[in-house]
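Undergrad: Need coordinates for the below:
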Amino acid sequence: MPPWKTCERPDHNQAKLPSMSSASHSLWSPLRLPAFRGLWTGSAIYFTGNAMQVMAASWLMVELTGSSFLAALVQTAVFLPMFLLALPAGVLADTTDRRRLILNALAVQVAVVVVLSLLALGGWAGPATLLLFTFAAGCCTALLSPAWNTSVADTVPREDMPQAITAMSIAWNSARALGPSVAGFIFAWLGAGWVFVVAVVSALVMMQAVRRWPPAPHAQSPLPAERLWSGTVAGLRYARHSPTILAQLLRTVAYSGAGSALWALLPAIAAQQLKLGAAGFGFLMGCLGTGAVAAGLVLGKLRARLGLERLVALGCMVFAAVMLIAAFVRIPTVVFVALAIGGAAWMAVMATFNTATQSSAPPWVRSRAVALHTVSALGSFAIGSAFWGAVSGILGLAIALSIAALAMAAGIFLSRWLPLRMGASPEITPVALWEDLFVKDQPLPDDGPVSVEIGYRIRAGEAEEFLNAVTQLRASRRRDGATLWRVYRDLGDPSRYVERFIVASWADYLHQRARATLADQEVEARVRMFLRDGEAVTTQHYIAER
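TA: Numbers count the residues shown, from 1 in each chain. Have a look, this model is predicted:
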């Protein structure tokens, strides 16, 4: 197929994917599929090893320094790589071999944690060593996460995607419940080094799962491959000009940033407030994970009954209350129960944000959407951990948690400006037909910028209605690649209007056209309804020469 051909909107008779509303609420339906079940099992073991590693690093830091600030920095070292690397990793996941990307990242992680294990076993792991190697392992996790998440989602039908995401969240939160508890006992019995050894084994299990059930290859495309920088810009542009995705990401930032206080200050809560040891700290983290698992088992039904906004509002209020209990209550049993409830609230809200983001992104940008969700959640988590650790050091533990609780409760009001919703099937279903652009001399992929003019000659007296309709194209043009977009009226012919937009290069223009969805088709069909009888839309392409 010639590379200058690009996709055109299909008609409405084309089969559509099932809507999210038609999905079953059964959590177990994805687990009936062998590939998903195998990857789910491998990820559960891997997440458990990671949780054990983080617990051991955090508690070893407390033992070495006694500083709540440095203990909070361990969480920053874990999650800051997500903020720095997740989006480039999402571009790589969308454009390269996901199997190779995941396996290479895991191999490096194994090497890093092996060295950390040896240093800890030899008694040479100081505070700087802990932060450095924790950060390096976090970089590996950041590089593989977008590819892993979309690979797992690809193993299930779209109607099972919410249940698959919830099942993966259960695996992750089960790891946070089981991992720290097991790590606490191993730490108390054998020391931090052997906890790190278990983390190495878990990464090896993950590698075997990926080899056994490799990700599906990307669909073949005649278009030029996206480069890392242009792919990164495309992902950011899509999020900026997609109101649905942008709302979800900003809500995630607010929730994760406020909620990070409890997670980051948990070592200090265990040591200073409750006077617990390593095993007690592991049990505290286990309570949060146990509550999250319990919530995952009923999350589909809760979401269907309450709706997105009510579920998120309830989760915010519950987690804020739990932070206040952790700030002022000195009875361990009460705090254990509260943390289990808080873990359920955390799971319900974060899984809802994650599901909404993945269900609202088309295939070409889904890994980047997952990466941006990761950046929003864990980037703000990392920054928030350092911030709340500093506030705790200056104002005290109780005041820091109280301020975080107020911020969490205030986040409910964001729903007025940033409403949540699941993406509809036509909004993410790509078109599949191809048409010739009738370009006489094909430009090179890097040639540009490209100016595109689309002309409309409309019926008299309908200019205002036409402008309202054509303006709805602004978001999709900008979202899919245009840097500038305007509508002009022809001064020589009042019935003629021109839609003009600029794309950075010829390759970017071809990609922009290939990204059209069924929803875009519907908008353009409404615009064409204003054409005069017998008139057709005209398109002209211009390439910059000077």
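Undergrad: all strands for the stretch 301-450 of the chain, in order.
TA: For the stretch 301-450 of the chain, the strands defined by DSSP state E, counting those that start in this stretch cover 433-436, 450-457.
Undergrad: Poorly predicted segments of the stretch 151-300 of the chain, please.
TA: Applying pLDDT under 70 to the stretch 151-300 of the chain flags the ranges 219-222, 224.
Undergrad: Could you pull out the strands in it for me?
TA: Using DSSP E, counting those that start in this stretch, strands in the stretch 151-300 of the chain do not occur.
Undergrad: Could you identify which of the strands of the stretch 301-450 of the chain has the lowest mean pLDDT?
TA: Here the lowest mean pLDDT among these goes to strand 433-436, at a mean of 54.
Undergrad: Quick check: Ala192 touching Gly123?
TA: No. Checked against CB atoms under 8 Å, the pair Ala192 and Gly123 is beyond contact range at 10.1 Å. In short, each C-beta sits where N, CA and C put it, glycine included.
Undergrad: of the two, who's got more company?
TA: Ala192 (28 against 9; other CB atoms under 10 Å).
Undergrad: Now for the more buried one: which residues touch it?
TA: By CB atoms under 8 Å, 6 or more residues apart in numbering, the contact set of Ala192 is Ala56, Ala57, Trp59, Leu60, Ala120, Ala125.
Undergrad: Show me what the mean pLDDT comes to for the helix or strand hosting the fourth one.
TA: Going back to what we said before, that points to Leu60. In the assignment (DSSP states H and E), Leu60 maps to helix 34-65. On average, the pLDDT along helix 34-65 is 86.
Undergrad: Next secondary structure after that helix?
TA: Per DSSP H and E, helix 34-65 leads on to helix 68-95 as the next helix or strand towards the C-terminus.
Undergrad: Measure how far the direction of that next one deviates from that of helix 34-65, in degrees.
TA: Put simply, helix 68-95 runs at 150 degrees to helix 34-65, going by axes from the mean of the first three to the mean of the last three CA atoms, to 10 degrees.
Undergrad: Measure how far the helix or strand that helix 68-95 is followed by is from the centre of its chain, please.
TA: Counting by DSSP H and E, the next helix or strand C-terminal to helix 68-95 is helix 98-121. Offset of helix 98-121 from its chain centre (CA atoms, centre = their mean, to the nearest Å): 23 Å.
Undergrad: So that it lines up with my notes, have the first residue be 388 from now on.
TA: Got it, first residue is 388 now, which makes that one helix 485-508.
Undergrad: elements contacting helix 485-508?
TA: In terms of contacts (3 or more CB pairs under 8 Å, 6 or more residues apart in numbering; DSSP states H and E), helix 485-508 is packed against helix 455-482, helix 514-540, helix 579-599.
Undergrad: For that helix, which outside residues touch it?
TA: 440, 447, 476, 479-480, 512, 516-517, 520-521, 523-524, 527-528, 530-531, 534-535, 537-538, 578-581, 583-584, 586-587, 590-591, 593-594, 597-598, 601-602, 605.
Undergrad: now swap in stretch 509-520 and tell me
TA: Against stretch 509-520 from outside (CB under 8 Å, 6+ apart): 444, 447-448, 451-452, 457, 460-461, 464, 499-500, 502-503, 506, 579-580.
Undergrad: Would you mind writing the PyMOL command to select the buried ones in the residues you listed?
TA: Here is the PyMOL command that selects the buried residues among the contacts of stretch 509-520 (16 or more other CB atoms under 10 Å):
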select buried, resi 444+447+448+451+457+460+461+464+499+500+503+506+579+580
